[in-house]
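Enquirer: Show me the folded form of this:
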Amino acid sequence: MVQFAYVIAGSEATGGAGLQVDLKTFQQLGVYGIGTITCIVSFDPKNGWGHRFVPVDPQVIADQFEAATASQDLDTVKVGMLGTPATIDVVAKALASQPWRNVVVDPVLICKGQEPGAALDTDTALKEKVLPLATVVTPNNFEARALSGLASLETIDDLAEAGRLILARGPKAVVVKGGIDFPGPDAIDVLVQASPAGGQPTVQVFSAPKIGQERVSGAGCTFAAAITAELAKGSTLPDAVQVAKDLVTRGIQHRVPGHTPFTTVWQGA
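Expert: Alright, predicted model coming up:
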């Protein structure tokens, strides 16, 4: 039986991040991917590979959602880069229009192609309208600090506390990614899940040795997409996080070089 996963995210023209990565990850894990594009990001090779950001018209996003959800019975969705408050409004309304078994939110807070004021408005709208709909949120170190209000995340206890604070915004679970900014030789991710009985949240730590000290494009997108694919297949959240951790680790080990100043994760590894 074919399993489906749906993604609502931005397009990134080099194929190293965004919806392109999500669909490749779904395919690698044996899940049929369907996608809706929220914005188009094109790096500018003539200007230091900076971001060029173009939002998709909200009605076009709504039209894509209508077509995607009419084509299949979709119950598992990943939400990636949204980019503007208008986009967040239309996506939040679309998500609320039907029930979902799994909503994975990869909270891309700031695009370098946005003005600071617009980015702040987008962050606020994301926190208020999208995070409460999430089954699981997957912030990186910077995003976790922004969402939790903590100044730094330097210990496993810090990552867990950030997860607990983000839980208060409404999601059922949070995976806080320590990433390359986390001190020490290991890449640490911490899963914090709300207790169904109303007790203290549970905390689970995932660890693997760091591979170099350079950022690799697409790691966060691949991680969240892998969780999405595994949840679509019926995995538990801890098992889905472990599969995602292993997939990203292999993808970084076999990363793809290019003419860009960064390498990218290879989902096919």
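Enquirer: so what strands line up beside the helix or strand hosting Val103?
Expert: Secondary structure from DSSP states H and E places Val103 in strand 102-105. If you go by DSSP bridges, strand 102-105 pairs up with strand 76-79 (parallel), strand 136-137 (parallel).
Enquirer: For these, state which one has the densest average packing.
Expert: strand 76-79 (a mean of 28; mean count of other Cβ atoms under 10 Å). In short, each C-beta sits where N, CA and C put it, glycine included.
Enquirer: quick one, strands of the stretch 1-150 of the chain?
Expert: Listed in chain order, the strands of the stretch 1-150 of the chain (DSSP state E, counting those that start in this stretch) span 4-12, 32-44, 50-55, 76-79, 102-105, 136-137.
Enquirer: Looking at stretch 152-166 now, give me its mean pLDDT.
Expert: Stretch 152-166 comes out with an average pLDDT of 97.
Enquirer: coming back round to it: export the strands paired with strand 102-105 to a markdown table and append columns for mean pLDDT and distance to Ala197.
Expert: Below are the strands paired with strand 102-105 laid out as a markdown table (pLDDT from 0 to 100; distance: least, Cβ to Cβ, whole Å):
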| stretch | mean pLDDT | distance to Ala197 |
| --- | --- | --- |
| strand 76-79 | 98 | 25 |
| strand 136-137 | 98 | 19 |
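Enquirer: In JSON lines, list those along with distance to Leu29.
Expert: JSON lines is the format used below for those (distance: least, Cβ to Cβ, whole Å):
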{"stretch": "strand 76-79", "distance to Leu29": "12"}
{"stretch": "strand 136-137", "distance to Leu29": "16"}
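Enquirer: so which of those comes closest to Gln267?
Expert: For the strands paired with strand 102-105, proximity to Gln267 was assessed by Cβ to Cβ; strand 76-79 is nearest, at 14.2 Å.
Enquirer: which ones are touching the residue located most distally from the centre of the chain?
Expert: Residue farthest from the centre of the chain, counting by Cα atoms, centre = their mean, is Lys46 at 28.3 Å. Lys46 makes contact with no residue under the criterion Cβ atoms under 8 Å, 6 or more residues apart in numbering.
Enquirer: doesn't Pro209 make contact with Ile188?
Expert: No: using Cβ atoms under 8 Å, Ile188 is not in contact with Pro209, being 10.7 Å away.
Enquirer: who touches both of those two?
Expert: By Cβ under 8 Å, 6+ apart, no residue touches both Ile188 and Pro209.
Enquirer: And the two? Which one has more around it.
Expert: Ile188 (20 against 8; other Cβ atoms under 10 Å).
Enquirer: So the more buried one, which state does it fall into?
Expert: When classified by DSSP: H, G, I helix; E, B strand; the rest coil, Ile188 comes out as strand.
Enquirer: Give me the pLDDT for the nearest residue to it once chain neighbours are set aside.
Expert: Distances taken as Cβ to Cβ, 6 or more residues apart in numbering place Gly178 nearest to Ile188, at 4.0 Å, with adjacent residues excluded. The pLDDT attached to Gly178 in the predicted structure is 95.
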